[in-house]
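Novice: show me the folded form of this:
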Amino acid sequence: MNGASVIASEVHGSLSRPELEKRLGPFEPDLSRLSPAYEAYRNAFDSQLKSLRSGRDNERVRLAEWVSTTLATLPPGVAKVLAGSIKAEAKAAEESIAEAFKKAITQCTKHRMTKEEWEEAGEPPAPPSVISPCLLLPAVLDGEEAVSKIPFSFVRTETAWATHYQSADGTALFTDHRIAIIIHATECPDGIDEALRIAWERWGSVTARGPEAFLRLVAERADLLGIDVLDADGAPLAAMKDDEERAHPSSPPVVPDSAGWSKPDLADDLVRHARIERAISYLQDFDGLLLRRREMPGDTKESGRRGPLEIVLNDDPMDGRNEALAQHAMFDDNELVQRFLEQKRKEMLESWSLSLLNSSLDPSGMSARDMANCLPSRYEARRPAFLALEDFDCIAMLLDVRKRIQRRVEVQSGRGRALETQSSTPSQENALPGIQLMPEVDAGVPVETQLAVQQQRGGIKR
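Specialist: Purely as a prediction, here's the structure:
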């Protein structure tokens, strides 16, 4: 056009090389018109663009793998509840990484030149380097994560699925998506240090992706912090120093206060502590909280389960609180949460006991489930009680209620005085079905005689 050439695809999309090759077959260049130097430039450009697109696609695959691996490591009930959140988190990370690659690809395509443009630009041997997205990633996708304990030195802003870190002057340092950390300030040692500590604490193994200059700085900072970082091929990312630096070493870099930092006890983690406090606050007002004790070695049906309490998700599909509950229930093995749950269980048992004692319940011949079925409201008390029937403290509460009601009935029928002189130890007649109590022992009577008497007394129906 007027002696100048233009890029065909900019005239119309159907004139792009891939579209033309679909209709006309593979492109065959005119070797007589080729310029080796220009072809070298084009090949370098194509290689750069291909590398960026490949990096973007690889991250999409890695995120999909992270989702499937994470869900596979969770209990089925928890995985079902959290699946939506985990996928949303991965989607947010994918969009953020894709946007970073889009900027890099856009910058790269600005250096696509026709032969005339290349000649006018002074025939550069290769296009300028484009800074590819700088990422810190888990080296192993095993679904295992820990909460990081680090001194947050910068301004932190949390959004739905990410935490953004800025310096005091507002410079964006990095964005933490929990499954990937995107570094924005690629030449800021302090920001890279903090990102490395977060990544190491959370994943235990870290992979760095990005241009050579970034990887060199990451290797140096990781070496100072005592953190092992791998490259994209899984090889250790060793600190790189050129010959000039070895010949004329600069003053030693300032090692941050955390150089002696080691993996901390997560019980002291400030972030984890804050999340635990939020969990307790949420559970405090949760109506119909389902709790049961874990079974411990030596537990029997007669003794009941004696382990720590665990939160059970509601299997009612109409209960929309499950997703939020699951996010807090994962902390139920924490000591603070256990103390709270024990207090919550104590309050539940006192409430159930009072409700049964104030009812017209006649426990004679009733099973534990029959007694629990007399509690009001399926969600307020009845369903939580059913879940607790095999726990030792719930068994003890029902035994106490049975004994007190039976005593009340006997007092009202004129036999209260005789009952008041007897031992307060519950007899087998007061036991719940399936619960064997130790017989009362009289030191003045042979044990064989007492056992025979206990057998003759009979008991409640089983």
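
Novice: tell me which element residue 356 falls in.
Specialist: helix 335-357 (DSSP states H and E).

Novice: now the helix or strand following that helix: average pLDDT?
Specialist: Downstream of helix 335-357, the next assigned helix or strand under DSSP H and E is helix 368-372. On average, the pLDDT along helix 368-372 is 84.

Novice: before we move on, what about stretch 38-49?
Specialist: Stretch 38-49 comes out at a mean pLDDT of 88.

Novice: about what we covered before: which residues outside the helix holding residue 356 are in contact with it?
Specialist: Residues outside helix 335-357 that contact it (Cβ atoms under 8 Å, 6 or more residues apart in numbering): 267, 276, 279-280, 283-284, 289, 291, 308-309, 311, 331-332, 371-372, 374-376, 381, 384-385, 388, 393-394, 397, 400-401, 404-405. Every C-beta, even on glycine, is put in place using the N, C-alpha and C of the backbone.

Novice: restricted to helices, list those residues.
Specialist: 276, 279-280, 283-284, 371-372, 384-385, 388, 393-394, 397, 400-401, 404-405 (DSSP state H).

Novice: hmm, which of the contacts of helix 335-357 are the buried ones?
Specialist: By neighbour count, with 16 or more other Cβ atoms under 10 Å, the contacts of helix 335-357 hold 276, 279-280, 283, 289, 291, 309, 311, 331-332, 371-372, 374-375, 381, 384-385, 388, 393-394, 397, 400-401, 405 as buried.

Novice: what comes up buried for the host helix or strand of residue 53?
Specialist: Using DSSP H and E, residue 53 maps to helix 36-73. Residues 41-42, 45, 48-49, 52, 55-56, 59, 62-63, 66-67, 70-71 are the ones in helix 36-73 that count as buried (16+ other Cβ under 10 Å).

Novice: check the residues you listed and tell me the two furthest apart.
Specialist: 41 and 71 (46.5 Å; Cβ to Cβ).

Novice: list the contacts for residue 300?
Specialist: By Cβ under 8 Å, 6+ apart, residue 300 has no neighbours at all.

Novice: how close does it get to residue 392?
Specialist: As judged by Cβ to Cβ, to the nearest Å, residue 300 and residue 392 stand 10 Å apart.

Novice: who's in contact with stretch 164-177?
Specialist: 89, 92-93, 96, 154-158, 161-163, 181-185, 188, 190-192, 194-195, 198.

Novice: can you mark which positions in it are buried?
Specialist: Buried-residue list, stretch 164-177, by 16+ other Cβ under 10 Å: 164-166, 173-177.

Novice: ok, those residues vs residue 136, which is closest?
Specialist: Nearest member of the buried residues of stretch 164-177 to residue 136, counting by Cβ to Cβ, is residue 174, at 8.1 Å.

Novice: which strand residues bridge the closest one?
Specialist: residue 165, residue 183 (DSSP bridges).

Novice: which non-adjacent residue is nearest residue 222?
Specialist: Nearest non-adjacent residue to residue 222, counting by Cβ to Cβ, 6 or more residues apart in numbering: residue 229, 4.5 Å away.

Novice: and residue 385, by the same measure?
Specialist: Per Cβ to Cβ, 6+ apart, closest to residue 385 is residue 372, 4.2 Å.

Novice: these two touch, right, that neighbour and residue 386?
Specialist: Yes: between residue 372 and residue 386 there is a contact under Cβ atoms under 8 Å: 5.6 Å.

Novice: show me the shaky parts of the protein.
Specialist: 1-6, 29-33, 140-153, 239-274, 316-320, 378-380, 414-462 (pLDDT under 70).

Novice: let's go with 50 and repeat that
Specialist: 147-150, 241-268, 423-425, 428, 431, 433-462 (pLDDT under 50).

Novice: and stretch 212-227, how far from the chain's centre?
Specialist: Distance of stretch 212-227 from its chain centroid, counting by Cα atoms, centre = their mean, to the nearest Å, is 27 Å.

Novice: in that stretch, what's buried?
Specialist: Taking 16+ other Cβ under 10 Å as the criterion, stretch 212-227 shows 214-222, 224-225, 227 as buried.

Novice: does residue 135 sit in a helix, a strand or a coil?
Specialist: strand (DSSP: H, G, I helix; E, B strand; the rest coil).

Novice: roughly how far does it sit from residue 402?
Specialist: 64 Å.

Novice: as PDB, could you dump the C-alpha coordinates of the helix holding residue 356?
Specialist: Extracted in PDB, the C-alpha atoms of helix 335-357 (Å, rounded to 0.1, in the frame of the first residue of the first chain):
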ATOM      1  CA  GLU A 335      -7.800 -26.300  72.600                       C
ATOM      2  CA  LEU A 336      -9.700 -23.000  72.800                       C
ATOM      3  CA  VAL A 337     -12.500 -24.300  70.700                       C
ATOM      4  CA  GLN A 338     -12.600 -27.500  72.700                       C
ATOM      5  CA  ARG A 339     -13.000 -25.500  75.900                       C
ATOM      6  CA  PHE A 340     -15.800 -23.600  74.300                       C
ATOM      7  CA  LEU A 341     -17.500 -26.800  72.900                       C
ATOM      8  CA  GLU A 342     -17.300 -28.400  76.400                       C
ATOM      9  CA  GLN A 343     -19.100 -25.400  77.900                       C
ATOM     10  CA  LYS A 344     -21.600 -25.500  75.100                       C
ATOM     11  CA  ARG A 345     -22.200 -29.300  75.700                       C
ATOM     12  CA  LYS A 346     -22.600 -28.600  79.500                       C
ATOM     13  CA  GLU A 347     -25.300 -26.000  78.800                       C
ATOM     14  CA  MET A 348     -27.100 -28.300  76.400                       C
ATOM     15  CA  LEU A 349     -27.200 -31.100  78.900                       C
ATOM     16  CA  GLU A 350     -28.500 -28.800  81.700                       C
ATOM     17  CA  SER A 351     -31.200 -27.500  79.300                       C
ATOM     18  CA  TRP A 352     -32.200 -31.100  78.300                       C
ATOM     19  CA  SER A 353     -32.200 -32.200  81.900                       C
ATOM     20  CA  LEU A 354     -34.400 -29.300  83.000                       C
ATOM     21  CA  SER A 355     -36.800 -29.900  80.100                       C
ATOM     22  CA  LEU A 356     -37.200 -33.600  80.900                       C
ATOM     23  CA  LEU A 357     -37.700 -33.000  84.600                       C
END
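
Novice: I appreciate the help and will end here.
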